[in-house]
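> Can you look at this prediction? I've put the sequence above it.
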Amino acid sequence: MRRYFGRAVHGGTAAGPVFVVKKESREIVYARAEDFQAQIARVQRAVGQSREELKALSHRALHRAGEDGAAIFAAHEMILEDEEYLETIYGMIRREKVAAEYAVAVTAQELAGRFERMEDECIRARAADVRDVSGQVLRNLAGNPGCGLRLAEPAVIVAQDLTPGETMQMEREKILALVTVQGSPNSHTSILARMMDIPAVVGVPVELEHIRSGMRAVVDGTGAEVTFEPDEDLWEAAERSMARERDEKRLLQSLRGEESVTRSGRKVQICANIGGLADVKGALENDAEGIGLFRSECLYLGRAGFPPEEEQFQVYRQALEAMGEKKVVIRTLDIGADKTEDYFRLETEANPALGYRGIRICLKRPDIFKTQLRALLRASVYGKLSVLYPMITSVKEMERIYEIVDEVKKELSKERIPFRLPRQGIMIETPAAVMISHRLAQMADFFSIGTNDLTQYTLAVDRQNGQLEEFYDPRHEAVLCLIRIAVENAHKYGKRAGICGELAADLELTESLLEMGVDELSVPPAMVLPLRRRVREI
Ligand code: PEP
Ligand code: MG
């Protein structure tokens, strides 16, 4: 029995087999191999395996995101059928007597480089496809299929670290718990774990070489404790905890349909934060009064290229239709810092949290922004949509956003495409936005306070940095002061103000937040009913 303590991300107990995620190295290591036939056979096997995976992914994408989503994987499959691509690899192995890995990596690099130098935007975009597909072949050559693609049974996922993209690719039903050696409880991967209600622990000081896929583990998300090869007593104790947790969830179900109202009659709207269509079910099951934050960037993660307008439209429309009369707040693309993919081609920055991210990317790349706005305005016809703009720091940014929205409206009218202008809200997640909240309140329909970033920028603490955790305090007086100011200024102009950062789920603060006048709390789906219970006790 080996026991480790890390940092708690999301509570709950899990017990089951381990699946160790090993990532391929990005470095190309030269290795000779005399037996070229054996190396070619290895490539053939890995290519075959990758094609199978792509077929499965394409099938899943068709369900989740429609035909456009599936087309991306079909395009990847075509690369694996491409004679030139395969012959270049085989030729190199034969001629230069090199290992399969080296030939695949060099071919990918050269081919992607050639595509990148082309004039045509579409051909340039193929470079990312080639890299992605070759990465998949390399993973299979190393005997480590892509995350979540080939999990035969539900497992405790153990990794050095996981990006939000990798987490998004996993099948929720197959994940018992997430355990990472690195990471911070405030990162987006951790936020995703909470949104998906997966017990999770980060900063677990385990050496991955000593962990094998298939060995048993028990995870206590609340106590941030992970035990590999547990003895029978611990295993049975974990089973009892899981049964208790199931009972507790059943008990909470009695609050479905009840009002979120204090004993003195103060009402608050409790909504759910989601990352994609798959989470809408959880929001409904937990009786959320709406979607308070749909992190639309999740749609852009875990894939090789931008989601086209039609695919986005279908996703937004389906979310709106599923929620019926209830509101859905979709935040526009908030990419950058820890949330990114190769195809965005973001340069490495010294201070990514203070860098090229969020609305800044959308304002500098109106092509990307307009595609999303078109999809949103079109989907707005199908339900109660609001859009939310992230990372705002100035009035000028809002003016520019409204200009772009106007251009999109004109384009859609000209093309005679039906649309409706949704309500438009501003995320208050920088101290600058709070200080000018009296002006922003006159420009927006509502505020949504993002306490995760507000804490980061107010306290000057990088939320990604696990070492600074003791300094990252969303309950800090300064953060609470800023929330109070933003709410007061919203109310001065007759606008509503909610909180969608993780602080909204802090049950010890619920009473203070209500006392400040907060109108809405948006939390991970699994927290909706516990929060309702807390409100009803106040
Ligand atoms: C926030 O910053 O509080 C927020 C809700 O946005 P994200 O966590 O996605 O940055
Ligand atoms: Mg934020």
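That came through fine. Numbering: from 1, shown residues only. Ligands and ions are numbered 1, 2, ... in the order given.
> mind checking how far residue 437 is from ligand 2?
Here the criterion is Cβ to the ion, to the nearest Å. By it, residue 437 lies 16 Å from ligand 2. From N, CA and C alone the C-beta is placed, and that goes for glycine too.
> how many other residues sit next to that residue?
By the criterion of other Cβ atoms under 10 Å, residue 437 has 26 neighbours.
> ok, how many other residues are close to the closest residue to it other than its chain neighbours?
On the basis of Cβ to Cβ, 6 or more residues apart in numbering, the spatially nearest residue to residue 437 that is not a chain neighbour turns out to be residue 489, at 4.0 Å. Other residues within reach of residue 489, judged by other Cβ under 10 Å, total 22.
> Mind listing residues that contact the helix or strand hosting residue 489?
Under the criterion of DSSP states H and E, residue 489 resides in helix 477-492. With contact meaning Cβ atoms under 8 Å, 6 or more residues apart in numbering, helix 477-492 is reached by 428, 431, 433-434, 437-438, 440-441, 446-447, 449, 451, 454-455, 458-459, 473, 496-497, 499, 503, 512-513, 516-519.
> Repeat the analysis, applying 6 Å as the threshold.
Applying Cβ atoms under 6 Å, 6 or more residues apart in numbering, the set of residues contacting helix 477-492 from outside is 428, 434, 437-438, 441, 447, 449, 455, 458, 497, 516-518.
> Buried residues in that helix, which are they?
By neighbour count with 16 or more other Cβ atoms under 10 Å, helix 477-492 contains the buried residues 479, 480, 482, 483, 484, 485, 486, 487, 489, 490.
> ok, of the residues you listed, which one's closest to residue 395?
Checking the buried residues of helix 477-492 against residue 395 with Cβ to Cβ, the nearest one is residue 489 at 13.5 Å.
> For the stretch 201-350 of the chain, just list every one of the helices.
Per DSSP state H, counting those that start in this stretch, the stretch 201-350 of the chain has helices spanning 232-252, 280-285, 309-323. These are given in chain order.
> Worst mean pLDDT across the helices and strands of the chain, which element?
Ranked by mean pLDDT, DSSP states H and E, the helix or strand of the chain with the weakest confidence is helix 164-169, at a mean of 75.
> residues in contact with it?
Counting by Cβ under 6 Å, 6+ apart, the neighbours of helix 164-169 from elsewhere in the structure are 147, 148, 188, 189, 192, 298, 301, 302, 339, 341.
> what's the most distant pair in those residues?
Across the contacts of helix 164-169, the longest distance by Cβ to Cβ is 18.2 Å; it joins 148 and 339.
> Looking at the two, which one has more neighbours?
It is residue 339, of residue 148 and residue 339, that has more neighbours when counted by other Cβ under 10 Å, with 25 against 21.
> residues of stretch 331-346 that come out buried?
Buried residues in stretch 331-346, counted by 16+ other Cβ under 10 Å: 331-341, 343-344, 346.
> And that stretch, end to end?
With Cα to Cα, to the nearest Å as the measure, the first residue of stretch 331-346 is 21 Å from its last.
> filter the contacts of helix 164-169 to the buried ones?
Buried positions within the contacts of helix 164-169, assessed by neighbour count (16+ other Cβ under 10 Å), are 147, 148, 188, 189, 192, 298, 301, 302, 339, 341.
> Now do the contacts for the last one.
Same thing as residue 341. With contact taken as Cβ under 6 Å, 6+ apart, residue 341 is in contact with residue 165.
> Could you rerun that using 10 Å?
Contact partners of residue 341, counting by Cβ atoms under 10 Å, 6 or more residues apart in numbering, are 128, 132, 163-165, 297, 300-306, 335.
> swap in the third one?
Residues counted as contacts of residue 188 (Cβ under 10 Å, 6+ apart) are 163-165, 167-168, 195, 275, 295, 297-298, 301, 334, 337-339, 452, 463-464.
> hang on, the earlier thing: looking at the buried ones among the contacts of helix 164-169, spot the one nearest residue 536.
Of those, the one sitting nearest to residue 536 (Cβ to Cβ) turns out to be residue 192, at 28.7 Å.
> ok but the closest one is inside a helix, no?
Yes. Following the definition DSSP: H, G, I helix; E, B strand; the rest coil, residue 192 is counted among the residues of a helix.
> Tell me the helix or strand right after the lengthiest strand in the chain.
Taking DSSP state E as the assignment, the strand of the chain that covers the most residues is strand 13-21. In the C-terminal direction, the helix or strand that comes right after strand 13-21 (DSSP H and E) is helix 36-81.
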